[in-house]
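*Asks:* Below are the sequence and a predicted model; questions follow.
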Amino acid sequence: MSRLPRRPAPRPGGAERLGASLRALAERLAARRRPPAAAGGVNLAPCCAYELQSRQLIEELTRELAELRQRLNGLLFLIAGAIVADIVLRLTRP
């Protein structure tokens, strides 16, 4: 009777470790394919040309609105300064 070569006994936990390492490898590969998400976990990258164009228009409008706010603040400070100067001049007149 011929003896067959003896296979080593499986190590305990070997299948679980292999499964865990395969899962980790699959997750790393999937993460490479995914575009990076924003801090909240939502992808904010534009998905079509219309969305890109509308986002650019909104960003431009936001910049123009910020500039308008700065000009309005400057105008209000100019008016407040003129009122204070007028009050000071009226108080100093005999």
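*Replies:* All right, it came through fine.
*Asks:* max-length helix in this structure?
*Replies:* helix 49-92 (DSSP state H).
*Asks:* Show me what it packs onto, helices and strands only.
*Replies:* Packing partners of helix 49-92 (3 or more C-beta pairs under 8 Å, 6 or more residues apart in numbering; DSSP states H and E): none among the helices and strands. The way it works is simple: take the backbone N, C-alpha and C, and place the C-beta from them, glycine included.
*Asks:* Just say helix, strand or coil for Pro46.
*Replies:* Three-state call for Pro46 (DSSP: H, G, I helix; E, B strand; the rest coil): coil.
*Asks:* Please report how far the nearest residue to it once chain neighbours are set aside lies from Glu59.
*Replies:* Leaving aside its sequence neighbours, Pro46 sits nearest to Leu52 (C-beta to C-beta, 6 or more residues apart in numbering; 4.1 Å). Remark: distance between Leu52 and Glu59 (C-beta to C-beta, to the nearest Å) = 11 Å.
*Asks:* Low-confidence ranges, the chain, go.
*Replies:* Along the chain, segments meeting pLDDT under 70 span 1-2, 4-5, 7-14, 34-44.
*Asks:* Leu61 - how many residues pack around it?
*Replies:* As a burial measure, Leu61 scores 10 neighbours (other C-beta atoms under 10 Å).
*Asks:* Please apply the same query to Leu25.
*Replies:* For Leu25, using other C-beta under 10 Å, the count is 10.
*Asks:* let's have the chain start at 519 instead
*Replies:* Understood, numbering begins at 519; the last thing we discussed is Leu543.
*Asks:* does it sit in a helix, a strand or a coil?
*Replies:* helix.
*Asks:* any idea how far Ala533 is from it?
*Replies:* For Leu543 relative to Ala533 (C-beta to C-beta), the value is 16 Å.
*Asks:* Alright, calling it a day.
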